[in-house]
Structure formats: C-alpha cells, structure tokens
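Sequence first, then the predicted structure, then my questions.
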Amino acid sequence: MIENDIRKMDTNYREAISPDQRLAIALRFLATGDSYSTTDHSFRVGFTTVSAIVRNVCQAICDRMQGIYMPEPSTETWIESAQGYYKMWQFPNCIGSIDGKHVTIKCPRKSGSNYFCYLKKFCIVLLSIVGPDYKFLCVDIGGYGKNSDDSILEQSVMGQRLEAGTLNIPNDKSFPGQNVPAPHVIIGDEAFALKRNLMRPFPYKQAKGDKRKENYNYRLCRARKVVENAFGILAQKWRIYYRPMEVNVETANLIVRTTCILHNFLRGNTEYYEHLDPPEPDLGAFDNVENDARRAPAVAFTDREKFV
C-alpha cells in the first residue's frame, strides 16, 4: 500500500525513480542522519528531489501505518499496559510513562524565541506516553521548545482528553492484596503537576528519611525510565536525531512522527532488541525539560498516598 501511495506522487521524478528507490532514499536519510547533500550524491539524484522524496514517503508511511502501529489507545490497550508495568516493573495501576524531549532543529525563520529553549538551542518537543514494551502509545509533536512539559501536555489533545476523562482510561482498580480502589495512572517526573491520573515523585525534602516515600520514588522512577529508554532506542535506530534537523518545522514534525511509527513497527520484532543493552538517556539530541512545581488538587495527594 505504501508503494502505491509513493507511486501516485505527482512530481517530475515519477518516471525516473521507482517507488522502491524512493523508499530506500527516505529510510537511508532517516537511519544515517546524513544531510540532503550527502544523500543525493549517494543515490545520484538532485538535492530538491531528495527533499521531496523524504517528505512524500514520510507522509505515505504516516497515512498507511499510523492506524496499525500507533492507533488511538483503547481501554484494552491501557489494561494490557498496566499488566505489563506491574509484571515488569512492580508498579500497579500504571498505564504508561510520560516525558517530553527536545529534538534539535535549525532556527526557523521569523519564529522569534518560540523554539529557543533554556538549553540555548532551537527545538521542538516530542511528548510521549510509552508502554512497558517501549512502544509509543500517544505522542504530541511540535511543541515550542520554550514551553515546559506540563504546559505542552495541557495544550495537547491527549492532555485535554486526560483532564476531561475521555482518554479511555480504565475504571479504578484495587491494588493486589487490597480492597481500596485506586485510579489507573500515567507516571512522570517533577516536570509534571500531580493529578489524579498523573503521578509524580515526592520532592527530595519530603521523601528524605521516610522509607515508604523513598520506596515509592524508587519504584516510580524505575518504571518511568521506560520512556527514557524508548527515546534512546529511537535515536539509536534513527540517527537523524543525533544532529539538528535542517528542515522546516512542518517537515521536522513529520519526520519525528514517521520515526515513532517505524519504531513501533520494529518493536514488533522482539528478537532484534533481545540483546540490546539499555541506552544512555543523556543523548545529544534529547535533553530534559525543566521542572514544574505547581500545586496539585487534594484528591491527587490522597491517591498518591494510596500508591505509597
């Protein structure tokens, strides 16, 4: 199906380059991180031809594969994710880990300081909810680099649906061995505000000396590293993340979405990652977003105590 979409491209290179060659050019560009200039020399095609091929092939992949490999999560998807987190990371009622990462881009024209982050570079933010098997369940791509994780979440569709209770999150469920119902939650770091369906660790001063809270922080941070490892695997496979993307913002958003879909597609083959060591979370293309210390609602504090 993807080849049919590529074949329908109305461009002046339709007859000269076959769909297989166009797919190879796009995947080579994403996987190696080479520039358009290097890629056009490798395949003996023009600079603008490579640019058009990358955009059109990425769009074809998103159109055909997103509904299969990164669809909207259903209640069954969240329940399966919660079972995986408890089995692998011993954190009950956790349906996903969330984090936002900076993807470096070249300075967009006439963008002011919107994309300029505190790391002194221009970035778009990839905000993701990741399952226990390192697959992306939800993504929001293209947030301004100047914004924090929590503000991007609030402005995103998935954040608004999470707040409205329309994200298909399962009903409350009791912890193993207990009869008190507790919500299903997404876990994040200190960059996010504490909410009923979004857990964050205790501040260091509150947890210091309290073994129960320290154990909660340890379990949460250990499970939350799933999203860090997912970003690491993504960048290890698609080396375009190791340098600034020298494309416009719309194309950068399209490239990021395409690599997330292809990441989920490759995660279907677990044998490939069987012997892959967990990557270091500190990558040149990804950097943590600053913390958010806003006050949480009282019910969120009560729910966090249940987890403790």
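Okay, I see it.

Please verify my assumption that residue 185 contacts residue 192.
No: with contacts defined as Cβ atoms under 8 Å, residue 185 does not count as touching residue 192, sitting 11.2 Å away. Every residue, glycine included, has its C-beta placed from N, CA and C.

which residues in this structure form helices?
Here the chain has its helices, by DSSP state H, at 2-7, 19-32, 36-43, 47-69, 75-89, 149-155, 157-164, 204-207, 211-237, 249-267, 298-307.

Output those helices in JSON lines; the columns should cover mean neighbour count.
Listed next are the helices of the chain as JSON lines, based on neighbours: other Cβ atoms under 10 Å:
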{"stretch": "helix 2-7", "mean neighbour count": "15"}
{"stretch": "helix 19-32", "mean neighbour count": "18"}
{"stretch": "helix 36-43", "mean neighbour count": "16"}
{"stretch": "helix 47-69", "mean neighbour count": "18"}
{"stretch": "helix 75-89", "mean neighbour count": "17"}
{"stretch": "helix 149-155", "mean neighbour count": "21"}
{"stretch": "helix 157-164", "mean neighbour count": "16"}
{"stretch": "helix 204-207", "mean neighbour count": "12"}
{"stretch": "helix 211-237", "mean neighbour count": "19"}
{"stretch": "helix 249-267", "mean neighbour count": "20"}
{"stretch": "helix 298-307", "mean neighbour count": "15"}
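
Let's have the ones you listed in a markdown table, adding mean pLDDT and distance to residue 104.
Putting the helices of the chain into a markdown table (pLDDT from 0 to 100; distance: least, Cβ to Cβ, whole Å) gives the following:
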| stretch | mean pLDDT | distance to residue 104 |
| --- | --- | --- |
| helix 2-7 | 62 | 28 |
| helix 19-32 | 91 | 15 |
| helix 36-43 | 79 | 17 |
| helix 47-69 | 93 | 18 |
| helix 75-89 | 95 | 30 |
| helix 149-155 | 92 | 17 |
| helix 157-164 | 92 | 23 |
| helix 204-207 | 84 | 30 |
| helix 211-237 | 94 | 11 |
| helix 249-267 | 96 | 10 |
| helix 298-307 | 77 | 34 |
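
Of all those helices, which one is nearest residue 123?
With Cβ to Cβ, the closest approach to residue 123 among the helices of the chain belongs to helix 249-267: 9.8 Å.

name the helices or strands packed onto the closest one?
Contact analysis of helix 249-267 by 3 or more Cβ pairs under 8 Å, 6 or more residues apart in numbering; DSSP states H and E lists helix 19-32, helix 47-69, strand 123-130, strand 136-144, helix 211-237 as its packing neighbours.

what helices or strands is the third one leaning on?
Right, the one you point to is strand 123-130. strand 94-104, strand 136-144, helix 149-155, helix 211-237, helix 249-267.

now swap in the second one and tell me
Judged by 3+ Cβ pairs under 8 Å, 6+ apart, the packing partners of helix 47-69 are helix 2-7, helix 19-32, helix 36-43, helix 249-267.
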